[in-house]
Structure formats: C-alpha cells, structure tokens
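Visitor: below are the sequence and a predicted model for it; my questions follow.
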Amino acid sequence: MHDEQIAASPLVREHDIGPRGTVVVGVGSNDVRVRGVDGTVVRLVAPAADHPAIEVSTGPGSYGIHLGRAIRGRGFGFRLGSLGLFGLDVGGGTVELEVPQDVRLEISASSGDVSVRDVTGSVAVRTVSGDVSLRGGGGELRMEGASGNLRAVATSPIAATVRTVSGDVEIDAPRTERTNITTVSGDVEIASSFAPAGDHVVNTTSGDVDLAVDGGVTIEVRTVSGDVDCAHPDRRAGNGRRDPMVIGDGAARLAVRTLSGDVEVRAGRVRPERTGAANESAQDALPRPATPPLPPTPARPPTPPISAFHGADGEPTPPDSADTLAILEALAHGEIDVAEAERRLGSGARDG
C-alpha cells in the first residue's frame, strides 16, 4: 500500500511492521530523530501528519518516509523603518520516529543531522554534510558521508563500516565484532575491545587515529610520516611499526593504515574534551560494563607479521605516498571496495 500525502488525506502515523522489519527515511536538509522502543509498531511522531511535504509508504514488514521538499522551521517578520517587511526562518523541521528496537533502519539525508537511539538491529546512514549520532543499542552500523561527523556510543557490541572524506569518527562500544573505517582527513577515535574473530581495519590519509583499547589486540601500523605512540599499561611487546604492538594477550588483529596521521594507543574511554561528554545530561550518560583486569599472560612466541603490510623480507615497506593517497581517496569516495584497496596496498608493498 502507498499513501501519498495531499491536503485531504491523512498520513499513516502508526504501522505494525512485525519483528525485524525495515524502516526507510529519505530527507534533504531536515533533521531525523529516531528512537527504538518495545513492540513491532512504527510511529510517526513529528512533524504534523498533515504536512504536505511528506510521503509515506507502508507494506508487510516495511515503513518508508520521503520528504519531497524541506520542512521549514519557525518564521517571523519585522519592519525596519521605511525599508519594508523582512522575514527570517529559524531552525528547520525535524522528522521524529519511534521504531521497534530490532528494526533494519536506512536513512538518507543531505545536510540534515541524524540521531538514532536504542536501536539494536542494523542502522545504515548516508549523508553529505549532516552529523550522525547513535546512542544506546548496538548491532550493525554503516555510515557514508562527506563532511559529516559520526559519534556512536553503544551499550552492546557493534560491527562498524564507516566511510567519510573529512568527517571525524568516534566510536565507544563494549565490543566491536568487525571494524572497517576509512576517512581521508577526518580523525578516528575508538574506545572498545576488539573481537578476535573479526576483521579490524582503519584507513586514513591525514587523520589521526586514537585507540583506547580494552582487552587483547595485536596492532600493526603502516604509516609514511605519522608518529606512533603507545601509553597502554598492558603492552607486552612491539612498537606497532617494525614489530606488531601486542596489548594483553594480543588475540584480536587490528591494522591501521595512514599516510601522515599520528597513531596513539592507550587505555580508557573516548576523550570527553573531543566528544562533548562533559556537557551531557545524566540521562544521556550511558554506562559501560566493567572490564575485569587481564590475567597474567604467559610467555608467548613472537607474533608473526601481518603479511599484507610487509615485503618479502619481512621488513615494513612504506608505500608510495601518492599511490596511497589515491587508493584511500578512491576508497573513501566508494570508487573501489575495501578488498580492492587492500589488494592495491598489498601489491604496492610487495612491489616496493
């Protein structure tokens, strides 16, 4: 069923999509705010149901919203002497939804900000310049953006795939099952433990990488001119460049590729001064499960190098800076996928 909004037809404000349904939202410059709730019903909270810019489509297991044009904010006018009446718009309209927590959520926006809270299903967001904020919940997270920033504070494990050009990426989660982050000039900050069975890769060109590691991980850094620093109290071996850096038992594997960005490894959380956490209200502060201290680690043989980062002689081989920049920018723009980027970077190292 498809209900297109016209002056005389009310929208479908509530629709039961059943378990693990799909919600798709498409907007331009408007903000989107989504909250996960119990049950299987999607509810359109705002704007008003009779707004002529909104189109809603419903079907078995699905609910979609599309804005044909932007919803304008509040407006007022004033007169200045004999110059006539002037008008001013203040703020923009916001689309607000309540969705089942296990929903499959897809959001497209150009310049509007996107906020998602307490969704445990999958979340995919595509934006040009809008910022993306995810709080609570967890699950599959995908984001593509140009200059928009991403901040995700999860209370359950996540699997993150993020591509930005200049946007910063901040992830705070109890565990990341899979990590695939690419940005050209944006900074990346991750506070989490890394699943041993998952693939974990961070690519930047000039952005800095800050890793607040919880649990065991082996980190290998490939950089041309960036600095690598480790202040983690549980580092067992390595410096990250010539030798893999082993934190705790080193069970997970994390690859960091950067052209000129610095890499810092430490323990703790995402820095409050960067995320604005100090200004959050008490109800927005999400607890993180306490992590027991690491048990003593017995002596272990040297960790073998990650083959994609080394030449035939086992020594780190810096990639050509121009080639690396071109590969990472192509990856950030979606011109090539991660597998192709890894193939090109790996062949460059072997050929170099």
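Guide: It's in.
Visitor: residues near residue 38, how many?
Guide: Residue 38: 9 surrounding residues under other Cβ atoms under 10 Å. No exception for glycine: its C-beta is placed from N, CA and C like everyone else's.
Visitor: residues near the residue lying closest to it once chain neighbours are set aside, how many?
Guide: In space, and not counting its chain neighbours, residue 38 is closest to residue 101: 6.8 Å by Cβ to Cβ, 6 or more residues apart in numbering. As a burial measure, residue 101 scores 17 neighbours (other Cβ under 10 Å).
Visitor: do you know how far residue 101 is from residue 168?
Guide: Here residue 101 is placed at a distance of 27 Å from residue 168 (Cβ to Cβ, to the nearest Å).
Visitor: now stretch 249-256: buried residues?
Guide: Residues of stretch 249-256 classed as buried: 249, 250, 251, 252, 253, 254, 255, 256 (neighbour count, 16 or more other Cβ atoms under 10 Å).
Visitor: residue 344: which element?
Guide: For residue 344, the element it lies in under DSSP states H and E is helix 338-351.
Visitor: now do that helix, average pLDDT.
Guide: Helix 338-351 carries an average pLDDT of 56.
Visitor: just checking, which of the buried residues of stretch 249-256 belong to strands?
Guide: 252, 253, 254, 255, 256 (DSSP state E).
Visitor: could I get the residues you listed as JSON lines with pLDDT and distance to residue 243?
Guide: Formatted as JSON lines, those follow (pLDDT from 0 to 100; distance: Cβ to Cβ, whole Å):
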{"residue": "252", "pLDDT": "96", "distance to residue 243": "17"}
{"residue": "253", "pLDDT": "95", "distance to residue 243": "14"}
{"residue": "254", "pLDDT": "96", "distance to residue 243": "15"}
{"residue": "255", "pLDDT": "94", "distance to residue 243": "14"}
{"residue": "256", "pLDDT": "95", "distance to residue 243": "14"}
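Visitor: distance to residue 190 for these - can I get that in TSV?
Guide: Shown next, in TSV, are these (distance: Cβ to Cβ, whole Å):
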residue	distance to residue 190
252	12
253	14
254	9
255	13
256	10
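Visitor: just the closest of those residues to residue 146, please.
Guide: Closest approach to residue 146 among these (Cβ to Cβ): residue 256, at 22.6 Å.
Visitor: quick check, that closest one in contact with residue 210.
Guide: No. Using Cβ atoms under 8 Å, residue 256 makes no contact with residue 210, being 10.7 Å away.
Visitor: before we move on, the earlier item: who touches the residue nearest to residue 38 in this structure?
Guide: 36, 37, 38, 118, 119, 120, 121, 137 (Cβ atoms under 8 Å, 6 or more residues apart in numbering).
Visitor: 10 Å instead, please
Guide: Residue 101 makes contacts with 35-40, 118-121, 136-137, 139, as judged by Cβ atoms under 10 Å, 6 or more residues apart in numbering.
Visitor: state the distance from it to residue 34.
Guide: Taken as Cβ to Cβ, the span from residue 101 to residue 34 is 11 Å.
Visitor: spit out the residues that contact the two alike.
Guide: Here residue 101 and residue 34 have 118, 119 as joint contacts, going by Cβ under 10 Å, 6+ apart.
Visitor: coming back round to it: now do the shared contacts for residue 256 and residue 210.
Guide: Listed as contacting both residue 256 and residue 210 by Cβ under 10 Å, 6+ apart are 188, 263, 265.
Visitor: isn't the second one right up against residue 227?
Guide: Pointing back at residue 263 there. Yes. With contact defined as Cβ atoms under 10 Å, residue 263 and residue 227 form a contacting pair (7.3 Å).
Visitor: in terms of neighbours, single out the busier of those two.
Guide: Shown here are residue 263 and residue 227; by other Cβ under 10 Å, residue 263 has more neighbours (26 against 13).
Visitor: who touches the more buried one in this structure?
Guide: Per Cβ under 10 Å, 6+ apart, neighbours of residue 263: 188, 202, 204, 208-211, 219, 221-223, 226-230, 240-241, 245, 256-257.
Visitor: many thanks, we can stop here.
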